[in-house]
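Peer 1: give the three-dimensional model of this entry:
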Amino acid sequence: MKYIIVGAVAGGASTAARLRRNDEHAEIVLFEKGEYISYANCGLPYYIGEVIKKRDALFVQTAAAFNKRFNIDVRVKSEVVSIDRVNKTVTVFDHNTQTEYKESYDKLVLSPGADPVRPPLPGIDMDGIFTLRNVTDTDFIKTYVDERKSGKAVVVGGGFIGLEMAENLHQLGLDVSIIEMGNQILAPIDFPMAAIVQQHIRAKGVDLRLNTSVTAFQNKLGHINVLLSNGEEILADVVILSIGVRPDTRLANLAGIQTGPARGILVNEYLQTSDPSIYAVGDAIEFVSPITKKSTNTFLAGPANKQGRICANNLAFGNTEKYNGAINTAIVKVFDMTVATAGTASKILLAEKIQHIVSTTHSGSHASYYPGAQQMHIQIAFTPDTGRLLSAQVVGFEGVDKRMEMLSSVIKRNGTIDELMEMEHAYAPPFSSAKDPINIAGFVAGNILNQKMVPFYCNEVDQIGKNAVLIDVRTKNENNAGTIPGAINIPVDELRSNLDSLPKQKEIFVFCEVGQRGYLAQRILNQNGFERVKNLSGGYATWKNCEAELPVKKIKVEMETVR
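Peer 2: Got it, this is the predicted structure:
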C-alpha cells in the first residue's frame, strides 16, 4: 500500500508516524511545501520575544531525523499543486529544482493547514507588515524587530496569537497598540470574561482599541502609517496582522473534493472526504460540533494530532475508529493572566438558539489563609433541563490550566453540573481549598437548576424599572467605595431586621461583591414571603468589569438565560 500525505506539522506528521507504527512495510511519502516538517507553532511568538532563546528548540523533528526513525520518504519544499482522482496521482512542484513531476497513491491524506487572513487593504504589502504562521514568517519578523526594539508596534487583531505577539513585543521594549474590530478581544470567550483581561492589558501600558478597524497603510517618512476607521492614525515601525485564519482548501477545490458551510474540507466521522480514497486532517477540515451539531472548524494542534492518529488507524485497518469532534479547549497567557476556554460560548449558543443558563463565580486560586491566593473567575453555561455542561471559561493567574482541564473533560463526555459538585480534587492549602473553584461553580449552578437561586445578569441592570428594588447587600464601607447606581444599601447581616421596609409586591434584585452574600440574601427574602427575588450572577465584580470596558447598556450580545 502506498500512502501520500500532503502537508506535515501536527496533522500530517502525526498521521505519517502512526501509519508507520501500524504498517512497517507500507510506502509512505510526505510532501511539505515549506522547509520544516514538525515545529512548535505555538512557541513562535515566544521565540520572537526571546523567552525561548534558541531557535532550534522550536523544532520537534527534522526531515532527516523523521526519515531515519520512521523510514518515511520526506520531501520538503515540494508543493502538491493538483490531484488526479481518476488516475490516483498528484502533481508536485519541486521548489528546489523548479520542476514538476507526478506521484501515484493508493490512499491520500490532505493536511494543508490554514492560511492567515490578509485583507486587500491599500498598502498591505509594504515592508514591515507581517503575518505569523510558520518558521519562515518568524525569521522575517525577528530579524526586522531586532533592529527596532525601541520602536512602535501595531498588532491588528485581538485573538490568541495577536495577544501573544503583543505581550512579546512589549517585553522586547516596543510601544504596542492592539487594534480590534470587535467590541472585545478573544472572540471565543464572552464579554464579561474578556473585560477582565482587557483591563489587565491596559494596566500593562498597552494601547488597546476596540470597535476599530484598519482601513489602509501608508509610507510616511520611512514608517508605516496605520489609518483607522475612526479617522485616527498610528505611526508604526512594525505591524503584525493577526486577523484570523481560514482553511486552505485550494487543492481540494481544484480536485472537486467537497467543502462545507464552514469553508473547510468536509469529512465524515472517519475523517474521510467525499472521495473514499482521500482523507483529511488538521486546520483545513470541518466536522460536526459535538455541542451545536453544526459544521465547524478547529485551528488547534491538539485536535490535529489526535485526528492524525485516528486517520492513520482508519487507513491501515479500515474505517474502525470515529472522530467525535473537538470542543476547542484552548488556553493563552496574556501578560500575568491566564485565559482558558472550552465548549461553545454563550453568545454562540444564543445565536444558535440553544437553551442554556449562564453562571459566573469568583473564587480563590487556593486556600485564602495560605499566602499568594489570587482571584479566579469562572463562567459556565449549561442546559436548563439536564444541567449538561456546554461551555466553560476561566480567567485568573495560577491554577487556571488544571481547572479548565477538569471542566473540559466534563464537557467532552456530555457531563453535567452534578459532576462538578461531586468532583474530587487534590487538596492542600497551597493548591486549592476544601471546596475547589470547580465545586463552587457546580454548587452555584446546582442552586440555579433547583431554583434556589434565580440569577440576573450585568446587561440587565439598566433594565430594572422604578417598580423594582435594587439592593446592595455588602457592607456600608464596600457600598461607599462604589456601587451600582440606584441601589439601596442593606448589608446582608442587617437584612432580617429590615424586612418590614421592603415591598413584597415588587420585584427585588440583590447583589454583593461576587454573588455569595447575594444568594444568602435571596434565601432570606424568599423564606420570608418575598417571591420575586433575583441575585446578580458574578456580583458587583462582574458588573464593574463590564462597565469599565463598555457601559452595559451598549453591550449588543451578552450573558442571559435563553428560555
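Peer 1: which residue ranges of the stretch 51-200 of the chain form strands?
Peer 2: Counting by DSSP state E, counting those that start in this stretch, the stretch 51-200 of the chain has strands at residues 59-61, 73-76, 78-84, 89-94, 99-104, 107-110, 114-116, 129-131, 152-156, 175-179.
Peer 1: can you tell which of those is closest to residue 506?
Peer 2: Counting by Cβ to Cβ, residue 506 lies closest to strand 175-179 out of these; the figure is 44.4 Å. Placement of C-beta: from N, CA and C, glycine included.
Peer 1: and the average pLDDT for that closest one is what?
Peer 2: The predicted model assigns strand 175-179 a mean pLDDT of 97.
Peer 1: what segments of the stretch 451-563 of the chain are helices?
Peer 2: Taking DSSP state H, counting those that start in this stretch to define them, one finds helices in the stretch 451-563 of the chain at 476-481, 516-526, 539-549.
Peer 1: now those helices in CSV, with mean pLDDT and mean neighbour count?
Peer 2: Listed next are these as CSV, based on pLDDT from 0 to 100; neighbours: other Cβ atoms under 10 Å:
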stretch, mean pLDDT, mean neighbour count
helix 476-481, 97, 12
helix 516-526, 97, 21
helix 539-549, 95, 21
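Peer 1: for the spatially most distant residue from the centre of the chain, give me the pLDDT.
Peer 2: Going by Cα atoms, centre = their mean, the residue of the chain most distant from its centre is residue 500, 48.6 Å out. Listed pLDDT for residue 500 reads 95.
Peer 1: any idea how far residue 481 is from residue 375?
Peer 2: Remark: distance between residue 481 and residue 375 (Cβ to Cβ, to the nearest Å) = 17 Å.
Peer 1: same thing with residue 323?
Peer 2: In terms of Cβ to Cβ, residue 323 sits 38 Å off from residue 375.
Peer 1: burial measure for residue 262, as a count.
Peer 2: Residue 262 has 17 neighbours, counted by other Cβ atoms under 10 Å.
Peer 1: what residues are up against it?
Peer 2: 247, 286, 295-297 (Cβ atoms under 8 Å, 6 or more residues apart in numbering).
Peer 1: where does pLDDT dip in the stretch 351-500 of the chain?
Peer 2: For the stretch 351-500 of the chain, not a single residue meets the criterion pLDDT under 70.
Peer 1: the strands in it, which residues?
Peer 2: 357-364, 375-382, 389-396, 455-456, 468-472, 488-489.
Peer 1: tell me which of the ones you listed sits nearest to residue 194.
Peer 2: strand 389-396 (8.6 Å).
Peer 1: just the CA atoms of the closest one, as PDB, please.
Peer 2: What follows is strand 389-396, C-alpha atoms only, in PDB (Å, rounded to 0.1, in the frame of the first residue of the first chain):
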ATOM      1  CA  LEU A 389     -22.300  21.500  30.700                       C
ATOM      2  CA  LEU A 390     -21.900  23.300  27.300                       C
ATOM      3  CA  SER A 391     -19.000  25.700  27.900                       C
ATOM      4  CA  ALA A 392     -16.500  26.900  30.500                       C
ATOM      5  CA  GLN A 393     -14.300  30.000  30.600                       C
ATOM      6  CA  VAL A 394     -11.700  30.600  33.300                       C
ATOM      7  CA  VAL A 395      -9.600  33.800  33.800                       C
ATOM      8  CA  GLY A 396      -7.000  34.100  36.500                       C
END
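Peer 1: other SSEs contacting it?
Peer 2: helix 191-203, strand 337-343, helix 346-351, strand 375-382, helix 400-412, helix 417-422 (3 or more Cβ pairs under 8 Å, 6 or more residues apart in numbering; DSSP states H and E).
Peer 1: before we move on, back to that, looking at the strands of the stretch 51-200 of the chain, which one has the lowest mean pLDDT?
Peer 2: Here the lowest mean pLDDT among the strands of the stretch 51-200 of the chain goes to strand 59-61, at a mean of 82.
Peer 1: chain center to that one, what's the gap?
Peer 2: On the basis of Cα atoms, centre = their mean, to the nearest Å, strand 59-61 is displaced by 25 Å from the centre of the chain it belongs to.
Peer 1: parallel or antiparallel, which strands does that strand pair with?
Peer 2: Paired with strand 59-61 in the same sheet, following DSSP bridges, are strand 38-39 (antiparallel).
Peer 1: not counting its own residues, what contacts the strand it pairs with?
Peer 2: Identification of contacts with strand 38-39 by Cβ under 8 Å, 6+ apart yields 8-9, 13, 58-62, 66, 134-135.
Peer 1: next: stretch 440-457.
Peer 2: Surrounding stretch 440-457, the residues in contact under the criterion Cβ under 8 Å, 6+ apart are 357-359, 361, 363, 378, 380, 382, 384, 387, 417-423, 435, 509, 515, 519, 522-523, 533-537, 558-561.
Peer 1: what's the answer for stretch 78-93, then?
Peer 2: Here stretch 78-93 makes contact (Cβ under 8 Å, 6+ apart) with 4, 6, 31-33, 75, 94-96, 99-106, 108, 251, 254-257, 275, 277-278.
Peer 1: and those residues, which of them are buried?
Peer 2: 4, 6, 31-33, 75, 103, 105, 108, 251, 255, 257, 275, 278 (16 or more other Cβ atoms under 10 Å).
Peer 1: can you give me the helices in the stretch 1-150 of the chain?
Peer 2: Counting by DSSP H, counting those that start in this stretch, the helices of the stretch 1-150 of the chain are 9-22, 44-48, 63-70, 135-146.
Peer 1: what residues sit buried inside the first one?
Peer 2: So that's helix 9-22. Neighbour-count burial for helix 9-22 [16+ other Cβ under 10 Å]: 9-20.
Peer 1: how far is it from where the chain is centred?
Peer 2: Worked out by Cα atoms, centre = their mean, helix 9-22 lies 26 Å from the chain centre.
Peer 1: and stretch 247-256, end to end?
Peer 2: Counting by Cα to Cα, to the nearest Å, you get 16 Å between the two ends of stretch 247-256.
Peer 1: please compute how far it lies from its chain's middle.
Peer 2: For stretch 247-256, the distance to the chain centre is 26 Å (Cα atoms, centre = their mean).
Peer 1: what does that stretch contact?
Peer 2: So stretch 247-256 is in contact with 6, 80-83, 85, 110, 112-115, 259, 262-265, 273, 275, 278, 280, 283-286, 297, going by Cβ under 8 Å, 6+ apart.
Peer 1: can I get the buried part of the residues you listed as one PyMOL selection?
Peer 2: Entered in PyMOL, the line below selects the buried ones among the contacts of stretch 247-256, by 16+ other Cβ under 10 Å:
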select buried, resi 6+80+83+110+112+113+114+115+259+262+264+265+273+275+278+280+283+284+285+286+297
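Peer 1: any idea what residue 280 is bridged to?
Peer 2: According to DSSP bridges, the residues that bridge with residue 280 are residue 110.
Peer 1: just to revisit the earlier point, kindly provide the distance from the residue farthest from the centre of the chain to residue 528.
Peer 2: On the measure of Cβ to Cβ, residue 500 and residue 528 end up 10 Å apart.
Peer 1: residues in contact with residue 479?
Peer 2: So residue 479 contacts 472, 487, 489 (Cβ under 8 Å, 6+ apart).
Peer 1: now residue 415: closest residue in space that isn't a chain neighbour?
Peer 2: Nearest non-adjacent residue to residue 415, counting by Cβ to Cβ, 6 or more residues apart in numbering: residue 389, 5.8 Å away.
Peer 1: shouldn't the one you found be in contact with residue 420?
Peer 2: Yes: judged on Cβ atoms under 8 Å, residue 389 makes contact with residue 420 at a distance of 7.3 Å.
Peer 1: shared neighbours, those two?
Peer 2: In contact with both residue 389 and residue 420: 380, 407, 410, using Cβ under 8 Å, 6+ apart.
Peer 1: pretty sure the last one contacts residue 419?
Peer 2: Read it as residue 410. Yes: under the criterion of Cβ under 8 Å, residue 410 makes contact with residue 419 at 5.1 Å.
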